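Visitor: Give me a model of this one.
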Amino acid sequence: MRIAGLQKTTLLDFPGKVACTVFLAGCNFRCPFCQNAEILDGSPDEVAEEEFFAFLERRRGILDGVCVSGGEPLVGDVAPFLRRIRALGYAVKLDTNGAFPDKLKALAAEGLIDFVAMDIKSSPARYPALAGVKCDIQKIKESAAFLLEGSLPYEFRTTCVKPLHRPEDFIYIGQWLAGAKAYFLQNFRQSDTVPAKGLTPFAPAELTAIRSLLLPYIPNVKIRGE
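Guide: Prediction:
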């Protein structure tokens, strides 16, 4: 695997776990608001795979889990990588955009993932605009439906970006994901690596209003960072 970065400790990314986060290069989307755009095609500071596993060996008994993020981890064959993590006794959280439901289901069936965080870009009708590419919304819906079945702990999350998101987008998202166990709104953060210009975060009151639009459909909606 091409490892574009490593956060050695996180108390936030994996619910209930002390973990590290490994960022894999490559993604099938080109979201205009991407916070990790600099690693999509690789990174000058890539970490050798054996160096990463040596780190995990040293941290056994200190870390509980590994968050596998990106980019999009399911672009390639991530299963052998996850098997090695599993063999060291770590729990695995997968961050995914949901575009590869067959791979997601296969990893779950093999018992290689313990928790999934799926990014929801926008309402189904507006997915290509937020993903930055043509995408198969039926595959994304298939991944979401699999998680909604409840065989794995999960969360859905949306990065809220002005002017890309409209209030009605969240009504449609709520209807789509009705009854979800956990849905997080996370505010956009501007940085030099974000591809598009002119994007801004929502004001706190605006995020609260968006949450109110979702609550009739998804009772457990939280604003990340509150």
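
Visitor: With adjacent residues omitted, what lies nearest to Glu155?
Guide: Spatial nearest neighbour of Glu155, chain neighbours left out: Ala182 (4.1 Å); criterion: CB to CB, 6 or more residues apart in numbering. (C-beta placed from N, C-alpha, C; glycine too.)

Visitor: how close does the one you found sit to Gln35?
Guide: 21 Å (CB to CB, to the nearest Å).

Visitor: ditto for Asp192
Guide: Here Asp192 is placed at a distance of 11 Å from Gln35 (CB to CB).

Visitor: Of those two, which one has the most company?
Guide: Legend: neighbour count by other CB atoms under 10 Å for Asp192 and Gln35, higher for Gln35 (14 against 6).

Visitor: Show the pLDDT at Phe29.
Guide: Phe29 is assigned a predicted lDDT (pLDDT) of 95.

Visitor: pretty sure it is touching Ala129, no?
Guide: No: Phe29 lies out of contact with Ala129 (CB atoms under 8 Å); the separation is 11.6 Å.

Visitor: circling back to that earlier point, next up, the contacts around the residue nearest to Glu155.
Guide: By CB atoms under 8 Å, 6 or more residues apart in numbering, the contact set of Ala182 is 154-156, 220, 222.

Visitor: just the strands in this protein please.
Guide: Applying DSSP state E to the chain gives strands spanning 3-10, 19-24, 65-69, 91-96, 115-119, 154-160, 183-187, 221-223.

Visitor: is it possible to export these to CSV including mean neighbour count, distance to Pro201 and mean pLDDT?
Guide: Shown next, in CSV, are the strands of the chain (neighbours: other CB atoms under 10 Å; distance: least, CB to CB, whole Å; pLDDT from 0 to 100):
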stretch, mean neighbour count, distance to Pro201, mean pLDDT
strand 3-10, 16, 22, 95
strand 19-24, 23, 22, 97
strand 65-69, 24, 21, 98
strand 91-96, 23, 21, 98
strand 115-119, 21, 17, 98
strand 154-160, 21, 7, 98
strand 183-187, 19, 4, 97
strand 221-223, 17, 12, 97
